[in-house]
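Undergrad: Build me a model from this:
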Amino acid sequence: MDWAIFLPVMDEIRPDRTQEGAGGRPPFTNQFVIKALILKSLNNVSNDMLEFLINDRLTWKRFLGLNLDEKSPDANSFWTWEELLTNSGRYEEFREQNHHRFRGYARECARQSGNEHD
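TA: As a prediction, this is how the structure comes out:
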């Protein structure tokens, strides 16, 4: 899937700083943030549970692009990212656009595999 379609709102309110700084853990990319927030929303879990599930489930780590030995960001990081979206006034727009696009992608995958359930 081309995750670039999900980036415009996030890039506007959270500039990519993955190439800046020296030392410490590099910041997570906006693509990672978007994928994590989509997982949170689709599974209706808290930030603490999101952190736990990312560390617990290999499929979630793989989906997010984490190596097996990499830990999830902590719950406060997820809260901070959601606050950035909320304070920008674009959280609902982000949520609705991404749910619409993601569900459309899921339907297309189901159609291609012959498992469509509309």
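Undergrad: Which pLDDT does the model give the closest residue in space to Glu93 that isn't next to it in sequence?
TA: Leaving aside its sequence neighbours, Glu93 sits nearest to Val9 (Cβ to Cβ, 6 or more residues apart in numbering; 6.5 Å). Where you see a C-beta, it was placed from the backbone N, CA and C, and this is true even at glycine. Note on Val9: pLDDT of 73.
Undergrad: List the contacts of Val9.
TA: Counting by Cβ atoms under 8 Å, 6 or more residues apart in numbering, Val9 touches 85, 90, 93-94, 97.
Undergrad: try Leu50
TA: Here Leu50 is in contact with 36, 39-40, 43, 72, 75, 78 (criterion: Cβ under 8 Å, 6+ apart).
Undergrad: Give me the pLDDT value at it.
TA: 96.
Undergrad: And for Arg62?
TA: We have a pLDDT of 92 for Arg62.
Undergrad: Equivalent analysis for Asn98, please.
TA: At Asn98, the predicted lDDT confidence score is 69.
Undergrad: Just the buried subset of the contacts of Val9, please.
TA: 85, 90, 94 (16 or more other Cβ atoms under 10 Å).
Undergrad: want to throw those residues into TSV with distance to Arg111, pLDDT and secondary structure?
TA: Formatted as TSV, the buried ones among the contacts of Val9 follow (distance: Cβ to Cβ, whole Å; pLDDT from 0 to 100; DSSP: H, G, I helix; E, B strand; the rest coil):
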residue	distance to Arg111	pLDDT	secondary structure
Leu85	31	83	helix
Arg90	31	77	coil
Phe94	26	73	helix
